[in-house]
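Novice: Can you look at this prediction? I've put the sequence above it.
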Amino acid sequence: MTDPLFRSEPYAKTATARVVGHTDEGGIILDRSLFYPRGGGQPGDSGRLAWDGGTLDIATAVKVDLDDIAIIPATPDPLPPIGADVEQRLDWDRRYAHMRMHTALHLLSVVLPFPVTGGSIGADKGRLDFNMPDPIDDKNTIQAKLSQLIAGYFDVTESWITDAELAAQPELVKTMSVAPPMGSGRVRLIRIGSESRTVDLQPCGGTHIANTREIGAIKITKIENKGRMNRRVSIAFAD
């Protein structure tokens, strides 16, 4: 089982690890991973591995089996041997942009409280698709509400509940196309705000910033009708 360091230490830029396996496709399995594996609309992290005898650029990371994470090289170069100690170095600017954008999309789902049918997280832009009957006409109002939430300087924290507790609270699940990360017996919740003033609370396995002030200025770039009941809202960093 790969220890998900990206979850316990989301602001760490480097970390050591040990190679515990290779995949048939040329991936590297570490005992602990700073690299987030793609999932839930968030891309896998990129960066670099270094060890005594070599370095390797990393293109992404993916989940393998149930509990392991494979680090995927950018080029078919020699892999660090099993048992080798390596240093993981994140492409931090890209990861931090994903953290900011992911949290901004959680806030967008507060501004537009409709079931989410899809989404995508990028380093400079992101989007959510909503199952809603009427087209969105007032982009300025959405922009103002989203900016107000960002400027609220709300803390972003995690907590855990059991699979059974989540099943008893289906209203926590906003996504229709992506199932919450269940199966291990417990589910991670991301809360924006405090228990006494919760802005948003939903299951999520992705990486997030610690406070909404880190998001910065966000602009609504496009609103599209993608079907009779599907509205797509795209956002980007204003800076």
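Specialist: Received, thanks.

Novice: Could you identify the longest strand within the protein?
Specialist: strand 54-64 (DSSP state E).

Novice: Any figure for the gap between N140 and K222?
Specialist: Per C-beta to C-beta, to the nearest Å, N140 is found 14 Å from K222. For the C-beta atoms, the positions are set from N, CA and C on the backbone; glycine is no exception.

Novice: Let me know the pLDDT of the residue of the chain positioned farthest from its centre.
Specialist: The centre of the chain is farthest from one residue, G53, which by C-alpha atoms, centre = their mean lies 32.6 Å away. G53 is assigned 89 on the pLDDT scale.

Novice: was I right about T175 contacting F114?
Specialist: No - the criterion here is C-beta atoms under 8 Å, and T175 misses it with F114 at 11.3 Å.

Novice: more crowded one of these two?
Specialist: With neighbours defined as other C-beta atoms under 10 Å, T175 and F114 compare such that T175 has more, 19 against 16.

Novice: who does that one bridge with?
Specialist: Beta-bridge partners for T175, by DSSP bridges, are V116.

Novice: residues making contact with the following helix or strand past the longest strand of the chain?
Specialist: Next along the chain after strand 54-64, taking DSSP states H and E as the criterion, comes strand 68-73. Residues outside strand 68-73 that contact it (C-beta atoms under 8 Å, 6 or more residues apart in numbering): 1-2, 4, 21, 23, 25-30, 33, 35, 37, 44, 49, 56-64, 79, 88.

Novice: For the following helix or strand past strand 68-73, what is the distance to the chain centroid?
Specialist: Sequence-wise, the next helix or strand downstream of strand 68-73 (DSSP H and E) is strand 85-90. Distance of strand 85-90 from the chain centroid (C-alpha atoms, centre = their mean, to the nearest Å) equals 21 Å.

Novice: Show me which positions of stretch 151-167 end up buried.
Specialist: Using 16 or more other C-beta atoms under 10 Å as the test for burial, stretch 151-167 gives 154, 156-157, 161, 166.

Novice: ok, now stretch 227-237?
Specialist: 231-237.

Novice: I'd like to know which of those is nearest to A123.
Specialist: Comparing the buried residues of stretch 227-237 against A123 with C-beta to C-beta places F237 closest, at 9.0 Å.

Novice: thinking again about what came up before, kindly indicate which of the buried residues of stretch 151-167 lies nearest A104.
Specialist: V156 (11.0 Å).

Novice: A12 against P4, yeah?
Specialist: No - A12 is not in contact with P4 according to C-beta under 8 Å; the separation is 11.7 Å.

Novice: So for these two, which residue has more residues nearby?
Specialist: Using other C-beta under 10 Å, the more surrounded residue of A12 and P4 is P4, with 18 against 14.

Novice: who's that one bridged to?
Specialist: S33.

Novice: Tell me which of N140 and K222 has more neighbours.
Specialist: More neighbours surround K222 than the other of N140 and K222, with 12 against 9 (other C-beta under 10 Å).

Novice: coming back round to it: need the buried residues of stretch 151-167 in JSON lines (columns: pLDDT, distance to R95 and secondary structure).
Specialist: Below are the buried residues of stretch 151-167 laid out as JSON lines (pLDDT from 0 to 100; distance: C-beta to C-beta, whole Å; DSSP: H, G, I helix; E, B strand; the rest coil):
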{"residue": "F154", "pLDDT": "98", "distance to R95": "21", "secondary structure": "coil"}
{"residue": "V156", "pLDDT": "98", "distance to R95": "15", "secondary structure": "strand"}
{"residue": "T157", "pLDDT": "97", "distance to R95": "19", "secondary structure": "strand"}
{"residue": "I161", "pLDDT": "90", "distance to R95": "26", "secondary structure": "strand"}
{"residue": "L166", "pLDDT": "87", "distance to R95": "27", "secondary structure": "helix"}
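
Novice: For M101, state which of those is nearest.
Specialist: Nearest member of the buried residues of stretch 151-167 to M101, counting by C-beta to C-beta, is V156, at 13.1 Å.
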